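>>> Have a look at this prediction, sequence included:
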Amino acid sequence: MAGEMITFPSNGSTASGYLAKPKSGSGTGVIVLQEWWGLVPHIKSVADRFAAAGFVALAPDMYHGETAGHPDDAGRLMMALNIADTEKALRGAAAALLEQSSGKKIGSIGFCLGGQLALFAATLNPAFGACVDFYGIHPNVKPDFAKLKCPVLGLFAETDAYVTPEHAKALDKAIKAAGGSSEIHVYPKVGHAFFNDSRPEAYDKAAAEDAWSRTLNFFRKHLG
């Protein structure tokens with residue numbers, strides 16, 4: 001992996017995250033937010049891919065060092081998130097990334113739990129210029145779309161039992177009803193976590209490659 005673990009101020013204390021930079025040493029910042037498994041190698045590899053594409057990527061550790069290998073443990077960690085503390089941690093991560101970024105606007109992207117956190121983060125700080133939500137879900141994280149000041153790209157799966165196409169349509173409607181801008185794409189015949197190439201039972205190469213291309217184009221369009 002090309003990046004390194006760093007610490008940054010958060011909520012009067014410190015937090016940690018995985019920071020990956022391009023070979024040039026500078027680039028537009030993107031926050032990468034984890035699935036319910038935690039800050040696992042797959043999420044670090046996504047940050048590395050952003051760095052290879054010219055971005056500075058920071059993946060904050062929302063579980064403070066804990067990770068899960070079983071869905072029951074992942075669900076426990078996800079539901080144990082303190083939303084008030086999570087809000088402060090996201091603000092701290094954004095501030096840390098802005099110090100590393102070459103641009104005035106940064107992006108947020110997340111997967112599953114992280115998709116919902118990416119939306120949440122984008123409502124907390126006007127420095128976010130674009131948000132990408134991969135099948136985001138968390139029952140206790142409720143972004144206030146009236147505070148959303150950046151466009152959203154939503155990437156969902158037709159056969160997702162957790163985040164259904166109906167959920168995607170409802171998200172699109174809610175964002176637009178609040179005056180925001182959203183673009184939703186639902187991939188046919190694929191399920192939840194189709195982007196995660198470390199989980200062969202879920203990964204779909206064609207959908208994942210298309211979603212990655214859409215993501216890079218979206219960030220380059222809106223972040224420069």
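Perfect, I can see it now.
>>> what's near enough to touch the residue nearest the centre of the chain?
The C-alpha lying nearest the average C-alpha coordinate of the chain belongs to residue 110 (C-alpha atoms, centre = their mean; 1.7 Å). By C-beta atoms under 8 Å, 6 or more residues apart in numbering, the residues touching residue 110 are 32-34, 116-119, 132-134, 136. In short, each C-beta sits where N, CA and C put it, glycine included.
>>> which one of those residues sits closest to residue 77?
Nearest to residue 77 among the contacts of residue 110: residue 34, at 10.0 Å, using C-beta to C-beta.
>>> Which phi and psi values does residue 110 adopt?
phi -160, psi 170 (degrees, to the nearest 10).
>>> May I have the beta-bridge partners of the residue nearest to the centre of the chain?
According to DSSP bridges, the partner residues bridging residue 110 are residue 33, residue 133.
>>> same question, residue 186
Going by DSSP bridges, residue 186 is paired in beta bridges with residue 156.
>>> Settle this for me: it is touching residue 165, isn't it.
Yes: counting by C-beta atoms under 8 Å, residue 186 touches residue 165, with 5.0 Å between them.
>>> list residues touching both of the two?
Common neighbours of residue 186 and residue 165 (C-beta under 8 Å, 6+ apart) are 156, 158.
>>> what's in contact with stretch 88-105?
When contacts are defined by C-beta under 8 Å, 6+ apart, stretch 88-105 is touched by residues 6, 8-11, 15, 17, 19, 21, 26-31, 56, 58, 60, 62, 106, 117, 120-121, 124-125, 127-130, 150, 222-224.
>>> Kindly report the same for stretch 41-52.
Residues from elsewhere that reach stretch 41-52 (C-beta under 8 Å, 6+ apart): 1-3, 18-22, 27, 30, 32, 34-35, 56-59, 111, 114, 196-199, 212.
>>> Mark which of those residues are part of strands, please.
18-20, 30, 32, 56-59, 111 (DSSP state E).
>>> of those, closest to residue 69?
Using C-beta to C-beta, residue 111 comes nearest to residue 69 of those, at 16.7 Å.
>>> pLDDT at the closest one, what is it?
pLDDT, residue 111: 98.
>>> Would you agree it is in contact with residue 34?
Yes: counting by C-beta under 8 Å, residue 111 touches residue 34, with 7.3 Å between them.
>>> Which residues are in contact with residue 192?
Contacts here follow C-beta under 8 Å, 6+ apart; on that basis residue 192 touches 112, 135, 157, 160-163, 202.
>>> What ranges does the chain have for its strands?
All strands of the chain, identified by DSSP E, fall at 4-10, 13-20, 29-33, 56-60, 106-111, 128-134, 152-157, 182-187.
>>> nearest to residue 72, of those?
Of the strands of the chain, the one closest to residue 72 (C-beta to C-beta) turns out to be strand 106-111, at 19.2 Å.
>>> chain center to the closest one, what's the gap?
Taking C-alpha atoms, centre = their mean, to the nearest Å, one finds the center of strand 106-111 at 4 Å from the center of the full chain.
>>> That one vs strand 128-134, what angle?
Orientation of strand 106-111 against strand 128-134 (axes from the mean of the first three to the mean of the last three C-alpha atoms, to 10 degrees) gives an angle of 10 degrees.
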